[in-house]
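# Mind folding the following:
(chains A, B and C)
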Amino acid sequence: MLTKRTILLGAAVMLAVLSFGTLAFATEFPKAKQIRMVVPYGAGGGVDISTRILATPAQDILGQRIDVVCMPGAGGQEGINFVLQQPKDGYTLLVTDYGPLVTTALTEEVTYDLSDWVPLVQITEVVPTFFVLAESPLKNVDDWVKAAKEKPESLTVAHGRHLSVPHLPLILFEKTAGIKNTHVPTSGGSEALAFVLGKKVDIGASVPSTIASTVKAGTMHPLAVCSLERVATLPDTPTMKELGYDVVLPAWYTVFAPKGVPEETLKILEEKFIEALKSEGAKEMAGKSNVLLTPYGRDKTVGLYEGTISSLKTILADVKK
Amino acid sequence: MDGLFMQVLEGAFALPVVLYTTVGVFLGITVGAIPGLSGDMAIALLLPLIYKVSPAAALGMLMGIYKGSMFGGSISAISFGVPGTAAAAATVEDGYPAKLKGYPMQAMLTALYSSVTGDLLSTLLLVFVAVPMAKVALHFGPVEFFALYVFALMMISLLVVGEMKKGIAAAAIGLFIGTIGMDPMMGSVRLSFGISSLRGGIPLIPLLVGVFAVSELMIQFGRECASRSAKKVAEDAKKAEDLGIYDPAKDRMSLKIYRSTFKATLIGSGMGTFIGALPGAGSSLAAFMSYGLARKMSRKPEEFGTGTLEGVAAPEAGNSATAGASLIPLFAFGIPGSATAALFGAALIMQGINPGPMMIEENKVIIYTLFVIIIYATFINLVLSHGLIPLYAKLAQIKACYLVPTVFALALLGTFASRNSLFDVWVLLAAGVLGIYLRKNDFPLGPLVLGFIVGPGAEKALRQALLMGRGEWMFLLKSPIALGFYGLCILSLLLIHFSVKKKLVEED
Amino acid sequence: METAKSNERNTISFLRNSSKVVSLLLMAAAAFFFSFTVTGKWSAGAGIGARLFPQLSLILIFLSGAAIFSGRGETGNKKHSEVTPLRAISFMGLAVLYFFGVLRLGLAVGTFLYLTAIFFYFGRDGGMIRKVLIPAFGITLFIWALFTYFAQIVLPPALLF
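Presented below is the predicted three-dimensional model:
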């Protein structure tokens, strides 16, 4: 029976619990509550796996639970907005590549400015790679340029989503080499790979992990990678720079904090995350998953972030809307 | 060879592995039975486990979840008319009427056996012919996919019970809803009306669960409300009319039943394996197409929708067959055939196994162990489900006034938890409103789902094909596979035309 | 005089014929959305543009709506008549309230209140405690355990648990 007494008792209990909750905020970082690292992609993807490689050892080093939360909604914007809406106390962080964060900001209206984000630690980077079937008449990039110059737009290139990580270097390359191809957007690296394998398109653009197995089997031949140095898993593949084309656009997977998080918290996070990435546990997991760890701190990540923003601005300026 | 054989057996039948696999199947069935939660979600949540236990145990568990959830969805589909997973939506059509007519056990056991059959068949294909099958799948480029999707949309006519015009309208609505969000090629945001959450489009699972499950829950809610205000006599009469008198003795599974539904099961298995092996197609599509095809080829098509067991066997075989089949492109080329296969791929990567052509060569022991586990997981599924079905059937007997709010709460929370998105919950509710409105006006729901699933894929395929063909529409006919599908379309149209004509003549 | 009466009867039967109403709604909605597809700033890009499919589907909706409108349609056979607008709205309203309850008051408290309210409405006979509170509490426990332990869902910080 809902007597007055029961109601009062209930209210008293609620008040007690409420006040207990507020005590949590007075403790030092990171003891108050668990840390959340938000990934604006679906579970099981590259960013997710890389974040887990960081989060697992970092939990022990920081002494606090770290949850990796995937929020792929609205093309990743839901995850980004979620981090922005949380209190800026360092307990909610974003881990992403430049796609949802920078490309979307430069091509559409978003709820933030690019300066609202502080890059902390880079976990790894993925390198856009161009590839063809081993039996293709195109044996290297020069063949590609020659064929494209002879018959513009005769070659089809499958590249994942529009303006995605493999697509932008393609645009840059075409501008640098002065050629034109027909782009075939797909839903991702796997579909691009499938099209090349099935001889539906001539060239594919994706990342090394997608094509690693077929390259090893000898079915696929990578033409070039778009990074400063050769990729460890594809030691025989030249970089675009080596071949004379200034196309360097690797995609970093970096941990970001929203602007407004106190500097001491940022320092702790940076220090402990780098320690986590250099730990044996991380190295083991990364080795298993074929991820190359790049434990860069803020000295490097800030520069890379701004560099990417300006490169993207240049490339996107030419893309017809 | 002997040493390998022994190693594989040791690995596959080690106690922790069997244990984890069993736990996985149990989790899968349970999660699958709860609307809003899906096997994918459970797999994603348990991915971190991979680093902590042996590869065989971890993969066994994930496999168990996958298989269990394929069947689990049909449990709630049959018991309360609410599909537990997207793939079980087609099972509701005949599964729920079967329960209402008094034979839920037969329906669930039929679902189980055809599920297991479909699963086993596609797994055997995976183990023995993965690479050749994958090579066939590679022949499917945009041109072929577009033809396939057109054919799938034609199948709408097979799914429609009642006026075809309403079926087409429902499919068109589904198509339209599918276009909301980023267009598949240029990424421009369509029809978002400024709402940023719509940028990614309408998510499939909330839409499906909303249209089917929430509308069904509303109907049962309405029934409960109505029976409360009616007089007790009328209430009892109505209940008796709805449920019939449940006679457990008459509701037994038998070999005869299994044989009578075998054709439907085979159709489903074949369709499911085919669709599963094609990257991007999906288990719900397989379920609906199996249902449609089985109906077309059945001797008693008019019974579909009234509770015929064939109508339960076909979609269940169909959606379970996609399980093994979607791993085919993953194992052969490293290309995941579905979201779940992608999760599997991630799990393999985390273990240092690179999915693709070299995978089997380089990791003989673990991969063969995995094959053995996949096969016996199916049997664990069979045994466990046999035990769980009576339990779940009892649960279904709980009074609707308790069941409906609970299932609804689970659906709401499960939808939210799936992608941590409040927007998904709004979609769920809005889809429920749409669903109930359509149902009240006698619009079939199947075509809507089909339109929504197939639409974006069809558009992408069409536009890709036109890009590759440099704008020539004739390019679409340059493939024998595509021509084959178009031929099937024309055939179906002719068949329908003649059967309609025949019906009209008969009515005269 | 006679025609006026039969006109009135025709109008009523017209409105009662739900398929007519629905088909008109469909056509109106199709036209409405079509206007957006014309004015939307969607990049055309190479090949056919982004407008084609939405427009195609809307045209299809419109045409099938027109076909339904001109067809005979059924006046009788009101399906699922027990789902009245009032019940539908209250069902949805409950869901929204429930969810806000979960977000503001916490998963367990919100679920408990929601379940209690519904069970109360349905099963008042038979005693408050036995038929309302205990089931509500039990199910709340199950749901809370399932989602907090197992699923670890991300809820904005709520007041209670």
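# neighbouring contacts of stretch B:321-329?
A:194, B:66-67, B:70, B:87, B:118-119, B:121-126, B:130, B:133-134, B:137, B:268-277, B:279, B:281-283, B:286, B:335-338, B:340-341, B:344, B:374 (CB atoms under 8 Å, 6 or more residues apart in numbering or on different chains). Glycine gets a C-beta too; all of them are placed from N, C-alpha and C.
# Which ones among the residues you listed lie within helices?
A:194, B:66-67, B:70, B:118-119, B:121-126, B:130, B:133-134, B:137, B:268-277, B:283, B:286, B:340-341, B:344, B:374 (DSSP state H).
# Show me which residues of stretch B:476-489 are buried.
B:476, B:479, B:481-482, B:485-486, B:488-489 (16 or more other CB atoms under 10 Å in any protein chain shown).
# For stretch C:55-69, list every residue counted as buried.
Neighbour-count burial for stretch C:55-69 [16+ other CB under 10 Å]: C:55-58, C:60-69.
# what's the answer for stretch B:437-451, then?
Using 16+ other CB under 10 Å as the test for burial, stretch B:437-451 gives B:438-451.
# helix/strand/coil for the nearest residue to A:Val83 once chain neighbours are set aside?
Take A:Val83 and drop its neighbours on the chain: the residue closest to it by CB to CB, 6 or more residues apart in numbering or on different chains is A:Leu94, 4.6 Å away. Under the three-state scheme (DSSP: H, G, I helix; E, B strand; the rest coil), A:Leu94 adopts strand.
# Sketch out the low-pLDDT regions of the stretch 101-250 of chain A for me.
For the stretch 101-250 of chain A, no stretch has pLDDT under 70.
# JSON lines for the buried residues of stretch B:476-489, including distance to A:His183?
Shown next, in JSON lines, are the buried residues of stretch B:476-489 (distance: CB to CB, whole Å):
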{"residue": "B:Leu476", "distance to A:His183": "19"}
{"residue": "B:Ser479", "distance to A:His183": "21"}
{"residue": "B:Ile481", "distance to A:His183": "24"}
{"residue": "B:Ala482", "distance to A:His183": "22"}
{"residue": "B:Phe485", "distance to A:His183": "26"}
{"residue": "B:Tyr486", "distance to A:His183": "27"}
{"residue": "B:Leu488", "distance to A:His183": "32"}
{"residue": "B:Cys489", "distance to A:His183": "30"}
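# how much space is there between the closest residue to B:Lys99 other than its chain neighbours and B:Thr85?
Sequence neighbours aside, B:Ile78 is the residue nearest to B:Lys99 in space, at 5.4 Å (criterion: CB to CB, 6+ apart). Relative to B:Thr85, B:Ile78 is positioned 13 Å away (CB to CB, to the nearest Å).
# cool, and C:Phe32?
Using CB to CB, C:Phe32 is found at 34 Å from B:Thr85.
# Ok, B:Val150 next?
27 Å.
# so A:Ala205 touches A:Pro166, yeah?
Yes: counting by CB atoms under 8 Å, A:Ala205 sits close enough to A:Pro166 to count as a contact (3.8 Å).
# quick one: common contacting residues for those two?
A:128-129, A:159-160, A:192.
# In helices, which of those residues fall?
Those of those lying in helices (DSSP H): A:Ala192.
# Run a quick check on A:Lys259 versus A:Leu84, I expect a contact.
No: the pair A:Lys259 / A:Leu84 is not scored as a contact, 9.6 Å apart, by CB under 8 Å.
# what about the residue of the stretch 151-300 of chain A found nearest chain B, helix or strand, and which?
Nearest to chain B in the stretch 151-300 of chain A, going by CB to the nearest CB, is A:Ser213, at a distance of 2.2 Å. Per DSSP states H and E: A:Ser213 is located in helix A:208-217.
# out of the contacts of stretch B:321-329, which are buried?
For the contacts of stretch B:321-329, a neighbour count by 16+ other CB under 10 Å gives the buried set as A:194, B:66-67, B:70, B:87, B:118-119, B:121-123, B:125-126, B:130, B:133-134, B:137, B:268-277, B:279, B:281-283, B:286, B:335-338, B:340-341, B:344, B:374.
# All set, thanks.
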